[in-house]
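>>> Got a predicted structure plus its sequence, pasted below:
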4 protein chains.
Amino acid sequence: MNTFGNIYRLTSFGESHGPAIGGVIDGFPAGIPVDAGFVQACLDRRRPGQSDIVTARREADSVELLSGIFDGVSTGTPIGFLVRNSGHHSNDYSEIEHTFRPSHADFTYTSKYGLRDYRGGGRSSARETVARVVGGALAMQALNTMGIEIYAYTSRVGTVALENDYRLYDRLLIDTNPVRCPDKDKAQEMYGLIQRVKAQGDSVGGIVTGVIKGCPVGLGEPVFGKLHAMLGAAMLGINAAKGFDYGMGFDGLDMTGSQAVDEFFTGADGKVSTKSNYSGGIQGGISNGQDIYFRVAFKPVATLLRDVATVDDCGREAVLRARGRHDPCVLPRAVPVVEAMAAMTVLDAILLNRSARL
Amino acid sequence: MNTFGNIYRLTSFGESHGPAIGGVIDGFPAGIPVDAGFVQACLDRRRPGQSDIVTARREADSVELLSGIFDGVSTGTPIGFLVRNSGHHSNDYSEIEHTFRPSHADFTYTSKYGLRDYRGGGRSSARETVARVVGGALAMQALNTMGIEIYAYTSRVGTVALENDYRLYDRLLIDTNPVRCPDKDKAQEMYGLIQRVKAQGDSVGGIVTGVIKGCPVGLGEPVFGKLHAMLGAAMLGINAAKGFDYGMGFDGLDMTGSQAVDEFFTGADGKVSTKSNYSGGIQGGISNGQDIYFRVAFKPVATLLRDVATVDDCGREAVLRARGRHDPCVLPRAVPVVEAMAAMTVLDAILLNRSARL
Amino acid sequence: MNTFGNIYRLTSFGESHGPAIGGVIDGFPAGIPVDAGFVQACLDRRRPGQSDIVTARREADSVELLSGIFDGVSTGTPIGFLVRNSGHHSNDYSEIEHTFRPSHADFTYTSKYGLRDYRGGGRSSARETVARVVGGALAMQALNTMGIEIYAYTSRVGTVALENDYRLYDRLLIDTNPVRCPDKDKAQEMYGLIQRVKAQGDSVGGIVTGVIKGCPVGLGEPVFGKLHAMLGAAMLGINAAKGFDYGMGFDGLDMTGSQAVDEFFTGADGKVSTKSNYSGGIQGGISNGQDIYFRVAFKPVATLLRDVATVDDCGREAVLRARGRHDPCVLPRAVPVVEAMAAMTVLDAILLNRSARL
Amino acid sequence: MNTFGNIYRLTSFGESHGPAIGGVIDGFPAGIPVDAGFVQACLDRRRPGQSDIVTARREADSVELLSGIFDGVSTGTPIGFLVRNSGHHSNDYSEIEHTFRPSHADFTYTSKYGLRDYRGGGRSSARETVARVVGGALAMQALNTMGIEIYAYTSRVGTVALENDYRLYDRLLIDTNPVRCPDKDKAQEMYGLIQRVKAQGDSVGGIVTGVIKGCPVGLGEPVFGKLHAMLGAAMLGINAAKGFDYGMGFDGLDMTGSQAVDEFFTGADGKVSTKSNYSGGIQGGISNGQDIYFRVAFKPVATLLRDVATVDDCGREAVLRARGRHDPCVLPRAVPVVEAMAAMTVLDAILLNRSARL
């Protein structure tokens, strides 16, 4: 279950403080030019230490692509890759060898497997998302050849939320601030909030909004492989995710059916389109050619620079206080991960859709 | 992609107006006593025509179990099953042979496959969930032998929402009203709202809350098979679902990490437990033994007894008005489907978890 | 594990003496005209009672296609199907309720599952191949639209073997005799041998040779999905199969590399072809456009009308003697099953190959 | 399709002359002590250059285990691993950039993917089996804890074949000669044959026999996951494999059913056993506790140090003559690969079998 996808498949490996994070990408079509620099650029957006509101852990996160590419072009064979771990301080973690951090995976991993690599969260660390960003960066290069565009941004941090939908924001503004929010004023407000909770040794959650434009009609497999179910599973698999919705989602439930119906019309180009898009670009689980938009809720992470009550692995009461370098808010670094998961999902759906007709 | 699950697997088939809906359940463990009457009772809760706020379509929905059970006990071999379709009026649907119902799957199916069975929505009809209810009913019988309890209820219809969390409601009240809401007054209010939108030929959406109690610690597979990601995919695959969250979900995003941390303690029984349960019973993707609770958002369905603008399969403008028997609100009938999907997911996770240690 | 295939997938269910054998075919492309009469004709070739050298059990084996076909054309949705069991005498089997038939699956099923449906072998009965023949008959209709031809024949019964390779036999002669051997004299000899062992209450094994013509270049997925590995798994999954080889196979091992090399040349049509075909149409696991040919070894089945020593489910010594209607030689009825498995494998490989390039 | 297995899964990557061969092993149970030295020892048995009858290519083949093991014990998380390529001479291969080696995968890869990494066979090189040997070595360490023993040996080279079955040979003699044949005299004869064909720039094929002892009763999943079908697919996926059989196989077809029946008896230990073992330890696709034995046919490889006719990628006639270092007989180095595939298959079957009962 460390494999994501059906035809385009990422299998990842690696622990936070082991020798490396890496994986194998299988099912990447042959003949796609691969720009290793773009893959590295995607990793750089996910990297710790890129601003003062994310963890200060220092990792170069240099990716090495080990196979499946020949003379700069994909060959259709699996792409193995590797990112060496380097910036970890293993001695930071001895305290939690026998004590469970609350709201982390320490207790559940130990219960499930009988042991765990406790250093830095081991396999449950969000550091594993390095592998997903590599898988997404490759998928995006395939999607780009088809004119499909995918992006995400921070739309809420704690109580500070964007008020408009994605159509009113400029994608190019997303990376102009460390929060990755395309509204300059809101970004400033979010930034201030993160700084405040950070100063208190606390953390804050929020929402990432994702957008997929240019998706061809027909992606998604009924009944259990609906495009939004595939997207939802992809997003809910990201560390700290607590919820997913798309189109009208949870917030549109005060509308009636007649208010939320997306009437069809034929555009000047002869293409069938919809007047509104409450469906979020997916109808009956299949893309209809309109923009796909969705939201992912991320909890405030539980690594707190303050005392929390817990127990040890003998069940005895204990108190923990995290030290060192942690993210007060995962949202900015979650943005490239959301994009990566969306890209892998869409490429997988495209490949699955190839079998719809002979 | 008409298969759900990894080890416990349901493969379903059938169109709304074809001869039958059915499927194959594979991976059901041997030695479980199977009560066919319980399976039928679950189907009866999903059946149309059970109250005046759901579709009046008349289907007996009698299930026939065709294999995998011998002398009332499961044999470990696949369980084929069948529910004959009987109550349909195929002539209701000739109008939509060449015209796409807005916010339905007509356009996307035709685009993907080049043709569609247009009668009653064909494969995209929620009638397919008959198969899921059978799969869930069998899973529940296995789960019951382990003391796991699963239930769901309507917690919101349109603007009418329950104000408290699941712990304050009595499971036994859920089926005392046609809305399947465990709060008598709210149920009455919801019922009134559904009647009003029905009278207007309109529809209304809402939320189903699901609860899983008694889940053993350790279910869920990191990284891509997190228990909540499996649950989310299961729920988002239900017709009309637009969102999923669990634990603190979308509504808890105004809390900080220190407010939302679930501190551990050791109970009188020596079991490790948490003081609060913002995690929703899942940490790091793995069940921690606390209650699992989640929400599924359902849109107001788009079958409206009023005119809506659309196009036909030549792109020409058209107007449609649904006739006959339709659900003004899918929530009451979605409740048993949510339960079924949850039961299948949990049984699958239990079987997957068997390989965690040798 | 009752599902065969990756994209084109058959999930089967049913016991020999349960109500029905059936299954679901998923991944059948949309837009293929489906001739239900052809499906029935394939079943008729597998049916018991068709000659005096196969079991006399009487089954009509009428197939009912329940979904996925609309106006005679496949819709891309799953095709559920059903064949009712009718000709069984359940009282024939009470003797083996507690006693294990040697060289059958009675002991292993009981050990694995704790119980078994002992009537007629239950799930382990070759009657399950009814589902495969349906899956194969549909696949063949898709393959026919691409000019791919698949057939099989009995090439050995006991010690009586064809001496030449497939190229010297006329496909049209296969069904002119009950053995399904395209050499008239050998067929007569095989027929005599089967009659003799039948008279002695004994049984005899043999070989079915399969041929696939017109296969496009490029089918098969390296590394673990090599086309011959997929074919081999398909064939070895047939009841009573003991071996599989293709191309030069086991019999070509006395050749050296220089004798067995398939040199390339360019034909008059500009197509790259090979002068010889020791490779059996597959190189590096991928079809090269030449004929694919393979062999499947079937054991003499162990249902003997004579005494055999065994034990019961308490480990006590016992003697069994089969009674009634059994196949003295499975080869004639295995021929259509081999064809069906080959057809499903090839269609699956075609669909998988669609993702090789974007 | 670069993943092998269902629960215990190896995903491999790497080309012969790329930076590395490696993979990810998923589903390895937690709590198993892992001896990295044993893994390396298995690789050393597969390594080129170990004798004068295998290729002289020099590779250290040092494996690096990158994750999933903590303090010498498996953690249940995926095990990434890497073997750097080092000994290749890329300039040996420029000649085949545009010319297809007969009976190799050059033509089929180029046809399927539109391009290929032509250096040393790229992905189609048997060098990929490095990854399988790592996966097998880990599986064996899990199997050892259960008392399961797996081994293989060369039983035929060209026309020189062992005359007896596996029971008459001593496992400990296998590695006492470079052919890996447990019969000293036959080994000498095989060795002489290989030397002769090598001197002629030719090659020779043969058979590897595999044995699995101590397998618990109940492994294997009917209908399509029969243990021998899983084993067969595993073996046929090895480079140069042309056939697979088990138990009585192809060679037992001259027996009748009464000659080949495996009568049951209850041993002094109270265990049900069989008097003979023509079934090869598998009945109805499920292990019955007896020894499992099987054969794999390997062709004489087509890399010949003599002229062969072929065409280039424009279809023009050409002549190729391999140069440098190649295996005149793959059998000795195939032995550890056969063992590895068998070990992975059995561990996977054990894990699958965990779901047979609740």
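Arrived safely, thanks for sending. The structure displayed is predicted, hence computed values, not measured ones.

>>> which residue packs closest to A:A309, ignoring adjacent ones?
Once flanking residues are discounted, A:A309 sits nearest to B:E263: 4.3 Å by C-beta to C-beta, 6 or more residues apart in numbering or on different chains. The C-beta positions use only the backbone N, C-alpha and C, and glycine is treated the same way.

>>> what's the answer for A:V337, then?
Per C-beta to C-beta, 6+ apart, closest to A:V337 is A:T129, 4.7 Å.

>>> rewinding a little: tell me, how many residues neighbour the residue nearest to A:A309?
For B:E263, the neighbour count with other C-beta atoms under 10 Å in any protein chain shown is 17.

>>> ok, now A:D245?
Neighbours around A:D245, by other C-beta under 10 Å: 28.

>>> I'd guessed it sits against A:Y278; true?
No. Applying C-beta atoms under 8 Å, one finds A:D245 not in contact with A:Y278, separated by 11.9 Å.

>>> and the residue of the stretch 1-150 of chain A nearest chain C?
Per C-beta to the nearest C-beta, A:P29 is where the stretch 1-150 of chain A lies closest to chain C, at 4.1 Å.

>>> That residue touches C:A356, doesn't it?
Yes. The criterion here is C-beta under 8 Å, and A:P29 meets it with C:A356 at 6.6 Å.

>>> joint contacts of the two?
Common neighbours of A:P29 and C:A356, counting by C-beta atoms under 8 Å, 6 or more residues apart in numbering or on different chains, are A:G76.

>>> one step back: pretty sure the residue nearest to A:A309 sits against B:K275.
Yes. Here B:E263 reaches B:K275: they are 4.8 Å apart, a contact under C-beta under 8 Å.

>>> Identify the contacts common to those two.
A:A309.

>>> related to what we said a few turns ago, can you tell me, leaving aside adjacent residues, what's nearest to the residue of the stretch 1-150 of chain A closest to chain C?
C:L358 (4.1 Å).

>>> can you check A:T159 too?
That would be B:D254: by C-beta to C-beta, 6+ apart, it lies 5.0 Å from A:T159.

>>> From A:T154, how far off is the one you found?
With distances taken as C-beta to C-beta, to the nearest Å, B:D254 is found 16 Å from A:T154.

>>> do A:A105 as well
24 Å.

>>> These two - which one has more neighbours?
Neighbour count, other C-beta under 10 Å: between A:A105 and A:T154, A:T154 has more, with 30 against 26.

>>> Give the helix, strand or coil label for that one.
Per DSSP: H, G, I helix; E, B strand; the rest coil, the local secondary structure of A:T154 is strand.

>>> wait, isn't A:R58 in contact with A:G49?
Yes. Using C-beta under 8 Å, A:R58 is in contact with A:G49, at 5.2 Å.

>>> And the pLDDT at A:E59?
You'll see A:E59 listed with a pLDDT of 76.

>>> Which secondary structure state does it sit in?
Going by three-state DSSP: A:E59 is coil.

>>> Then A:F81?
strand.

>>> Just the pLDDT for it.
98.

>>> what's near enough to touch it?
A:22-25, A:63-66, A:131, A:134.

>>> if I look at A:V197, how far off is B:T256?
6 Å.

>>> Overlap in contacts, the two.
Residues within reach of A:V197 and of B:T256 at once, by C-beta under 8 Å, 6+ apart, are A:158, A:203-204, A:300.

>>> Does A:Q195 touch A:I53 like I think?
Yes. With contacts counted by C-beta under 8 Å, A:Q195 reaches A:I53, the gap being 6.7 Å.

>>> Comparing these two, which residue is more hemmed in?
Higher neighbour count among A:Q195 and A:I53: A:I53, with 23 against 14, using other C-beta under 10 Å.

>>> Number of residues surrounding the closest residue to that one other than its chain neighbours?
Excluding its sequence neighbours, the residue lying closest to A:I53 (C-beta to C-beta, 6+ apart) is A:I194, at 4.6 Å. If you count neighbours by other C-beta under 10 Å, A:I194 ends up with 27.

>>> quick one: contacts for A:I194?
So A:I194 contacts A:53, A:157, A:179, A:204, A:328-329 (C-beta under 8 Å, 6+ apart).

>>> Which residue ranges of the stretch 51-200 of chain A form helices?
Secondary structure of the stretch 51-200 of chain A, counting by DSSP state H, counting those that start in this stretch: helices at A:106-113, A:129-144, A:184-199.

>>> ok, the shortest one near chain D or not?
Yes. Helix A:106-113 lies in contact with chain D when judged by C-beta under 8 Å from any C-beta of the partner chain; the contacting residues are A:112-113.

>>> separation between the residue nearest to A:R321 when sequence neighbours are not counted and A:H104?
Nearest non-adjacent residue to A:R321, counting by C-beta to C-beta, 6+ apart: A:D307, 5.0 Å away. A:D307 is 15 Å from A:H104, where distance means C-beta to C-beta.

>>> Compare these two and say which is more crowded by neighbours.
The neighbour comparison of A:D307 against A:H104 (other C-beta under 10 Å) goes to A:H104, with 24 against 12.

>>> quick one: contacts for that one?
A:H104 neighbours (C-beta under 8 Å, 6+ apart): A:121, A:124, A:302-303, B:283-284.

>>> Also A:C329?
A:53-54, A:157, A:194, A:197-198, A:203-206, A:300 are the contacts of A:C329 under C-beta under 8 Å, 6+ apart.

>>> ok, so of these, who is nearest D:M190?
Proximity of the contacts of A:C329 to D:M190, judged by C-beta to C-beta, is greatest for A:V54, which lies at 63.4 Å.

>>> these two touch, right, the closest one and A:A334?
No. Between A:V54 and A:A334 there is no contact, the gap being 10.3 Å when judged by C-beta under 8 Å.

>>> Kindly tell me how buried A:A41 is, as a neighbour count.
Using other C-beta under 10 Å, A:A41 has 12 neighbouring residues.

>>> Could I get the pLDDT score of the residue nearest to it when sequence neighbours are not counted?
Using C-beta to C-beta, 6+ apart and skipping the chain neighbours, the partner closest in space to A:A41 is A:A137 (7.9 Å). If you check A:A137, the pLDDT there is 98.

>>> Ok, A:R325 next?
69.

>>> Likewise for A:H89?
Here, the pLDDT recorded for A:H89 equals 60.
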